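Asks: Next one to model:
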Amino acid sequence: MDLHPNHSSNSPTSSASSTVTATATATATNPNPNPNPRPTTRNTLSSLTATDDDPMHSWWESISKARSRIHSLATLLPPSLSSPLSSLADSDRPALSLLSSLHAYSAVSAVLSAPLSGSGSDPLCNWLYDTFLSSEPHLRLVVFSFLPLLSGLYLSRIHSLSSDSLTSLPSLAGFEAVLLALYAAETKARNGKPVVVSIPDLSQPSLYHIPARIPKMSNSNSNGSNVQSIGVLSPPLEPQVAVKSTKRACIVGVALDSYYKHISQMPAWSKIEFCRFLTSWAGQDCSCQKQFESGDSHGEPEIAGFSEAGSGNENESEIGIEDDVAEEMGQLRIEQNGNGNGVSHVEESKGARIPLPWELLQPALRILGHCLLGPLNSQDVKDAASVAMRRLYARASHDLVPQAILATQSLIQLDNRGREAAKAVAAGANSASNVNTPSKAKKPEILLVSK
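Replies: Now for the predicted structure:
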């Protein structure tokens with residue numbers, strides 16, 4: 001009689017057999033068990049981090065995002081205007097290609113300038129809003145390039161329509177959403193701090209006479225010196241959820257200040273657009289703007305002392321300027337109405353006359369200063385800025401705004417000096433060419449002596 005011992009459940013033999021059985025079951029269920037899951041998790045995180053840090057991956061992601069935004073923009077434009085956008089999406093740098101495309105800017109400008117544009121349901125305003133919220137910096141530059149057009153249309157409509165009747169004022173929530181997005185980004189960037197500038201001590205002979213370390217003085221003197229040496233350009237910004245009438249100029253001014261920070265990357269047509277709107281904002285033409293012009297005795301306006309090409313006056317005959325040089329110098333003259341013979345011209349202004357508080361006028365003057373004195377700006381940009389600057393000077397003289405009068409007067413004088421220097425360089429180049437040009441040899445004179 002065989003006896004089979006009854007092992008307890010907690011015996012070592014039973015525990016070992018149960019462990020082997022559990023292991024075999026787990027192996028059958030998962031043929032590739034992972035006894036150490038932590039290294040796998042660490043490897044996965046490291047691989048994801050390596051993918052995010054890969055420059056090729058980020059480059060391709062930015063291109064894909066830009067192409068997607070361009071394709072979505074093409075669906076919002078008429079077929080006749082959206083056909084060339086496909087070639088921009090296929091380029092190596094689609095966002096920069098869109099930024100530098102005059103055709104794309106003209107197409108978007110035509111749609112934005114429609115009478116019923118700018119509402120909350122406007123798809124083009126929604127596209128601008130979503131594009132600005134993207135993390136791609138080049139796509140943000142595209143939105144900044146349309147800011148002069150958007151702000152010009154918004155301010156011109158809001159003031160012209162509100163002056164007629166308050167009941168018929170249409171919704172411009174689409175324009176306001178884009179402006180609020182720009183304002184919120186600038187508010188976050190400033191982090192609740194004001195924009196200040198250091199003012200030099202005018203009691204010193206020069207900037208180099210100011211000591212590196214100011215000696216300690218009494219509290220009253222030190223507080224007074226600190227107040228005089230620091231100027232506040234812009235106070236701390238407050239978050240805004242809507243465009244109120246009392247905050248409208250501040251919100252648009254902050255958006256224009258953001259535009260000024262990227263103005264070196266803006267195309268020429270965007271700058272010209274802003275100058276045209278600013279010309280119309282200042283109001284109608286006035287004789288005050290011709291105060292700094294050196295015209296002839298008949299009172300005809302002449303900007304920076306330039307004469308018309310081929311006018312045949314006495315000064316040109318005296319210095320012997322040839323026709324081609326006179327034509328080149330005549331092209332430097334500002335064409336007020338766009339009907340002159342010069343290459344540079346300023347088209348008819350846009351918009352309507354609006355109030356110009358200092359919150360709006362200060363960033364506008366910075367933009368005009370760049371357009372007027374920037375060395376890489378085209379002559380069209382400089383001419384448009386010069387006309388707008390003179391209109392602003394006339395407006396500031398009528399409104400008696402001392403800050404604007406000083407700023408516009410200084411910029412006008414700098415513009416005149418720059419154009420006079422260009423005129424001198426052109427005259428010097430002509431005289432040098434006359435010296436280097438070989439003249440035809442004259443025949444020797446034969447004197448006949450009679451006997």
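
Asks: Give me the neighbour count for the nearest residue to residue 192 once chain neighbours are set aside.
Replies: Distance criterion C-beta to C-beta, 6 or more residues apart in numbering; nearest residue to residue 192, sequence neighbours excluded, is residue 236 at 5.2 Å. Every residue, glycine included, has its C-beta placed from N, CA and C. Using other C-beta atoms under 10 Å, residue 236 has 12 other residues around it.

Asks: Who are the contact partners of residue 236?
Replies: Taking C-beta atoms under 8 Å, 6 or more residues apart in numbering, we find residue 236 in contact with 190, 192, 193, 194.

Asks: which residues touch the last one?
Replies: When contacts are counted by C-beta under 8 Å, 6+ apart, residue 194 is found next to 232, 233, 234, 235, 236.

Asks: among the residues you listed, who's most crowded?
Replies: residue 234 (18 neighbours).

Asks: where does the stretch 1-150 of the chain dip in pLDDT?
Replies: Low-confidence segments of the stretch 1-150 of the chain (pLDDT under 70): 1-54, 57.

Asks: residues in contact with stretch 263-276?
Replies: 99-100, 102, 105, 109, 141, 144-149, 152, 259, 346-351, 364, 367-368, 370-371, 374, 376-378, 380-381, 384-385, 387-388.

Asks: could you pull out the helices for the stretch 51-200 of the chain?
Replies: For the stretch 51-200 of the chain, the helices defined by DSSP state H, counting those that start in this stretch occupy 55-76, 79-82, 85-89, 94-99, 102-112, 123-132, 137-145, 147-164, 173-190.

Asks: so which of these is the most packed in?
Replies: Between these, helix 94-99 has the highest mean count of neighbours, a mean of 22, where neighbours are mean count of other C-beta atoms under 10 Å.

Asks: helices and strands around that one, which ones?
Replies: helix 55-76, helix 85-89, helix 137-145 (3 or more C-beta pairs under 8 Å, 6 or more residues apart in numbering; DSSP states H and E).

Asks: Now render the ones you listed as JSON lines, adding distance to residue 422.
Replies: Listed next are the helices and strands packed on helix 94-99 as JSON lines, based on distance: least, C-beta to C-beta, whole Å:
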{"stretch": "helix 55-76", "distance to residue 422": "39"}
{"stretch": "helix 85-89", "distance to residue 422": "36"}
{"stretch": "helix 137-145", "distance to residue 422": "28"}
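
Asks: Looking at those helices, which is nearest to residue 357?
Replies: Checking the helices and strands packed on helix 94-99 against residue 357 by C-beta to C-beta gives helix 137-145 as the closest, at 22.6 Å.

Asks: So which elements touch the closest one?
Replies: Judged by 3+ C-beta pairs under 8 Å, 6+ apart, helix 137-145 is in contact with helix 55-76, helix 94-99, helix 123-132.

Asks: Check whether residue 171 really touches residue 120, as I assumed.
Replies: Yes - using C-beta atoms under 8 Å, residue 171 is in contact with residue 120, at 5.9 Å.

Asks: quick one, helices of the stretch 351-451 of the chain?
Replies: Counting by DSSP H, counting those that start in this stretch, the stretch 351-451 of the chain has helices at residues 358-373, 379-399, 402-436.

Asks: tell me the angle of the last one relative to helix 379-399?
Replies: So the one you mean is helix 402-436. 140 degrees (axes from the mean of the first three to the mean of the last three C-alpha atoms, to 10 degrees).

Asks: Report the mean confidence score over helix 402-436.
Replies: The average pLDDT for helix 402-436 rounds to 84.

Asks: go on, stretch 154-174?
Replies: Stretch 154-174 comes out with an average pLDDT of 75.

Asks: what's the first-to-last distance across it?
Replies: 10 Å (C-alpha to C-alpha, to the nearest Å).

Asks: so the closest residue to residue 247 other than its chain neighbours, which of the three states?
Replies: Leaving out its chain neighbours, the residue that sits closest to residue 247 by C-beta to C-beta, 6+ apart is residue 240, at 5.9 Å. Secondary structure for residue 240, judged by DSSP: H, G, I helix; E, B strand; the rest coil, is coil.
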